[in-house]
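Chemist: any chance you can model this:
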Amino acid sequence: MTAHRLCGRDLAVLRVRPHETFRYRAGQYTALESARLPHTWRPYYLAGEPGRDGELDFHVRCTGPGGVSEALVRHTAVGDRIRRGPPKGNLALGEEPTGELRLVAWDTGWAAMKALLQELEGRLRPASEHRVGRVRLFLGADALSDVYDTEYLSEAERSRPWLTVVPVTGGTPGEGVYDRLARAVTRSRPAVAGRALLAGPPAMVQTVTAALTRAGLPADHVRHDPLPAGPRDRPGSVGDFGSAGTRMFQEQSIPA
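Modeler: Sure, this is the predicted structure:
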């Protein structure tokens, strides 16, 4: 590990230098293992476009005691070694013209969207034939104080006329945690055009997907990583996964 930056009490941004080139696509995730919890793995999105300097960035939120996230946030320092798995995931911009695009993330799901935004910007560099329509980035969090990487977000919105950043906090008493985010995503513009990419807890993905399809966006225009089988996840739960015989919580088998 080459950098460990705390962004509040429970969130850390980690930078890791792999021993060999790690090839992945923007929007993918990989599993990490801490030396403090051997054979216990948890998935995290890779934050940033691949191939810039060879190092890998991860955004890790500690939501409870005893898991990989707590070990990485509170008990890991520069110089420590961690293990990673292969890249996984289906979240991608695709090769077709972008058109209107909604990027929807909850908390550290922003890591995946950051990578996708960097890839999209790379397609728009001088001499590129790619064009982009309106891009709206919706960032959900329990409270505005939980929205992080704000300097990057402000600069990204200021320097990219095609980008609008919309922070959204959790639901009010009596409604679902992700209902306000779902309303914001479907209220911003008519939902029948363009595409939407989602990253976050399975319950958020399910809630926003349902809202978008009810609003008229075709289901095949909504992209996210495969959801785990079984009950919807509970906000704030901690999940780790690994190979057969290791500790595993089925509720969060994708980054959340």
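Chemist: nearest residue to the middle of the protein?
Modeler: G109 (2.0 Å; Cα atoms, centre = their mean).
Chemist: that one against V208, yeah?
Modeler: No. G109 lies out of contact with V208 (Cβ atoms under 8 Å); the separation is 10.9 Å. In this view, the C-beta of every residue, glycine as well, is placed from N, C-alpha and C.
Chemist: overlap in contacts of the two?
Modeler: Residues touching both G109 and V208 (Cβ atoms under 8 Å, 6 or more residues apart in numbering) are L198.
Chemist: quick one: the strands in the stretch 151-256 of the chain?
Modeler: Along the stretch 151-256 of the chain, counting by DSSP state E, counting those that start in this stretch, strands occupy 163-169, 195-199, 222-223.
Chemist: OK, contacts around the residue nearest to the centre of the chain?
Modeler: 45, 198-200, 204, 255-256.
Chemist: try it again with 10 Å
Modeler: By Cβ atoms under 10 Å, 6 or more residues apart in numbering, the contact set of G109 is 45, 59, 91, 103, 139-140, 197-201, 204-205, 224, 254-256.
Chemist: same question, Y148
Modeler: Shown in contact with Y148 (Cβ under 10 Å, 6+ apart): 7-8, 11, 13, 59, 61, 107-108, 110, 139, 141.
Chemist: need the buried ones from the residues you listed selected in ChimeraX.
Modeler: Selection of buried members from the contacts of Y148 for ChimeraX, criterion 16 or more other Cβ atoms under 10 Å:
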select :7,11,13,59,61,107,108,110,139,141
